[in-house]
Structures are given as structure tokens and as C-alpha cells.
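Trainee: whatever this is, show me its structure:
(one chain, ligands or ions: 1)
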Amino acid sequence: MAAGDQRKVIPVADPAALAQIAADRVLARISANSGRVAICLTGGSSPTKLYRLLATDPYRSRIPWHRVHWFIGDERFVPASDPRNNMAMARRTFLDACAPAANVHPIATDTADPEQSAHAYERELKSFYGAENLDPARPLFEMVLLGVGPDGHIASLFPEYPAIKEATRWVVGVPEAHVEPFVPRVSLTLPALNSCREILFEIAGAEKRAILTRVFDGENLPASRARAMGETIWLVDQAALPEDFRG
Ligand SMILES: O=C1O[C@H](COP(=O)(O)O)[C@@H](O)[C@H](O)[C@H]1O
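Mentor: Numbering: from 1, shown residues only. The predicted model follows:
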């Protein structure tokens, strides 16, 4: 499976429509694979509507929860009880109500430091995948959900940080973040995030339009380098849509 070279932008009316299309795509990806499926979730505010929808019918009753495994693309290095914890948000909004506990794979934040958590999560991912090296013919994830920060970061891969250049490791510790919340992070790297059949970006709100314009203009930002083995889809609502994409 070669890396897909085209991004596809799908304009949608508003955040509600965006969440519904995203939920349809999540369900379609799960349904297309009859075996064990790995989905990589995102944190931040962008995915909350989608997560709530997944816990609601018709999605809730159509998802074969027993065979879907939920990972997280990055974590803020704060306790699981902290409202800023990404996986805790996903748990609150849908996983605790729907997914078997053994299928939820959080990044531990009760370790000595983010590096230790990164190594532990990389071991967990490799054990799940069943190999030490990523095979381009066999993606790690069925789907990777992503948001974009105001500086163009994805997961916790910030512009100009060494983590964005990581070519070997699957997960790294990020000692500091230059956007809120200003806490250390643990992040999957580009090789791990890009090892998927579909990357699905969810972008809503006028405050995202400036960074989206830069990404779509081809600036070298982390978000520009997210490239799935299959499809890279950008769901963008009207408020966030750059001028050139308006009909
Ligand atoms: O800090 C983070 O920010 C990004 C973007 O968040 P959003 O609130 O603009 O959706 C998010 O993708 C990442 O998981 C999170 O840790």
C-alpha cells in the first residue's frame, strides 16, 4: 500500500453536519474490516460532537464494540482525573459507556516522565500490531482522527520541534508545549500516525481558517505532513473554509 498523495477536502455546513459525516466514515471504516480494528483518537475540542454521536443510535448499536480497539494520538502529561487529559475526555464522552475496558488503550501519565510513557505506549502498540517495524502493506490503524492547532500542530507534533522529524520511533515524549495547555506531552510520531488506511481531519470554526489557509497553501507544517497510506480527508465547516475553497 503506497502513501496516498492527494488530500481530499470535503466542505460541510456546520459542526453538527461535520460530526455526522465523521461518524458515518468511522462506521464505514469499521464495517469494511471484519476482524480486529484499531482506531486512533484525537484530543482537544474538535472531536467531542463526533464522540457523543458514536455513543448514540444508530451508531452505537451498529458498531461491533467487541472488535474495535481505541488508541489516542497524543496525551497531555496530566493525571487521568485532570479535565485536560485527552483519553479521559474520550472516555467520558463515549468509551466508558460503549467500549469494553480491555479495548481502550490510554497513554499512561502516572510514570516518571513523558519519555517513560512514550516507551511504554510504543511497546503496547508494537505488541498489538505484532511486529517491531511498520509494514507499508499492513497499516497500524484503520483510521486516525486528527485536529489542527493554531500553529499547525497535529497530535503533539509542534512546528520546529525535534519530534516532528522522528523517523524511527512510534511514540515520543515532548517536554514542553508552546500552545495551551502548556504541559508536557506524549505523542505518536508521523510514521505511526501515517500508518493508516484513512486520516480524518475535523476542522470547524472561524478561528481555524487562518491556519487552514496556510496548510492548504502548502506551507511545511506538521498538519501538511499527515498523509495516510490510503485516504487523507479534511472535513471542514463553512466557518473554517479558506476563501479559495468557497463555492
Ligand atoms: O492540544 C491539543 O490540540 C490539538 C488541537 O485541538 P483542538 O482543540 O483545536 O481540536 C489536538 O488535536 C490534540 O490532540 C491536543 O492534545
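Trainee: tell me the pLDDT of the closest residue to A167 other than its chain neighbours.
Mentor: Excluding the flanking residues, the one nearest A167 by C-beta to C-beta, 6 or more residues apart in numbering is P191, at 6.4 Å. In this view, the C-beta of every residue, glycine as well, is placed from N, C-alpha and C. On pLDDT, P191 comes in at 98.
Trainee: is the helix or strand containing P191 in proximity to the ligand?
Mentor: Per DSSP states H and E, P191 falls inside helix 190-193. No. Helix 190-193 lies out of reach of the ligand by C-beta under 6 Å from any ligand atom, never closer than 11.0 Å.
Trainee: surely E231 meets I199?
Mentor: Yes. With contact defined as C-beta atoms under 8 Å, E231 and I199 form a contacting pair (7.4 Å).
Trainee: more neighbours: which of these two?
Mentor: I199 (25 against 17; other C-beta atoms under 10 Å).
Trainee: and whichever strand or helix holds the more buried one, what does it pack onto?
Mentor: Per DSSP H and E: I199 is located in strand 196-203. Applying 3 or more C-beta pairs under 8 Å, 6 or more residues apart in numbering; DSSP states H and E, one finds that strand 196-203 makes contact with helix 15-31, strand 141-146, strand 231-237.
Trainee: and the longest one, what's buried?
Mentor: If I follow you right, that is helix 15-31. With burial defined by 16 or more other C-beta atoms under 10 Å, the residues of helix 15-31 counted as buried are 15, 18-19, 21-23, 25-27, 29-30.
Trainee: got the contact list for that helix?
Mentor: 10, 12, 37, 39, 47, 49-50, 52-54, 59, 62-64, 68, 142-143, 145, 197-198, 200, 202, 204-205, 233, 235-237 (C-beta atoms under 8 Å, 6 or more residues apart in numbering).
Trainee: contacting residues for the closest residue in space to P222 that isn't next to it in sequence?
Mentor: In this structure, P222 finds its nearest non-sequential neighbour in L157, 4.5 Å apart by C-beta to C-beta, 6+ apart. By C-beta under 8 Å, 6+ apart, the residues touching L157 are 74, 163-164, 174, 187, 189-190, 222.
Trainee: can I assume V171 is in contact with K126?
Mentor: No. V171 lies out of contact with K126 (C-beta under 8 Å); the separation is 9.8 Å.
Trainee: which SS state does the residue in the chain positioned nearest to the ligand fall under?
Mentor: Nearest residue of the chain to the ligand: G44, at 2.3 Å (C-beta to the nearest ligand atom). Judged by DSSP: H, G, I helix; E, B strand; the rest coil, the three-state class of G44 is coil.
Trainee: check contacts around the nearest residue in space to it that is not next to it in sequence.
Mentor: Leaving aside its sequence neighbours, G44 sits nearest to G147 (C-beta to C-beta, 6+ apart; 4.6 Å). Residues near G147 by C-beta under 8 Å, 6+ apart: 42-47, 154, 201-203.
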